[in-house]
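A.B. asks: 3D model of this:
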Amino acid sequence: MWWNAVLHRKGRKRVTDYRQISNILNDFWGLYSGKKLVGIEQLYKRYGGCPFLGILMGNLNSTMRVDVSKALPEMYEVFKTYRGMILTFEDWKTIRNKFNALDEKYGKNRWCQDVMLEFALILEEDSDELSGKTKLGQPKTVGEKKAA
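C.D. replies: Modelled structure (predicted):
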């Protein structure tokens, strides 16, 4: 199942600045819809090659087979609902079910799957950080410092 790919993306540098995520989404939408005069190179310079932007820009051919104006806000709504929280097992089941429903709704579109996985990874990273776990999901040891 596409959801299992979360396990294979661990360890990548991630964006957890919610304002930056929002800005990237707005700029991507402006580029995609043609409502903003911004180029791909400009976006990469502005966001320093941020992995989240790379996910949005990847598989653009898949965006032609889905209504991005509907899919992106629905995926972002799931993300917004759970960001900045320590997530429980039940939260993860709900997130997975919501993303699976969106995956079905949008025809298992590769671009949608990549965006949902990225949102899930950001949520996981934030939840682990808030709960005091390391990137491997283990509790921090005494004296261990957060990575800068």
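
A.B. asks: for the chain, give me the ranges with low pLDDT.
C.D. replies: Counting by pLDDT under 70, the chain has low-confidence residues at 1-16, 134-148.

A.B. asks: please name the nearest non-neighbouring residue to the residue nearest the centre of it.
C.D. replies: Most central in the chain under C-alpha atoms, centre = their mean is residue 119, positioned 2.3 Å from the mean C-alpha point. Of all residues not flanking residue 119 in the chain, residue 79 sits nearest, at 4.1 Å (C-beta to C-beta, 6 or more residues apart in numbering). All C-beta atoms are positioned from the backbone trio N, CA, C, and that covers glycine.

A.B. asks: what about that neighbour, neighbour count?
C.D. replies: Residue 79 is flanked by 21 other residues according to other C-beta atoms under 10 Å.

A.B. asks: what helix or strand does it sit in?
C.D. replies: Using DSSP states H and E, the element containing residue 79 is helix 68-82.

A.B. asks: check which residues of that helix are buried.
C.D. replies: 68, 71-72, 74-76, 78-79, 82 (16 or more other C-beta atoms under 10 Å).
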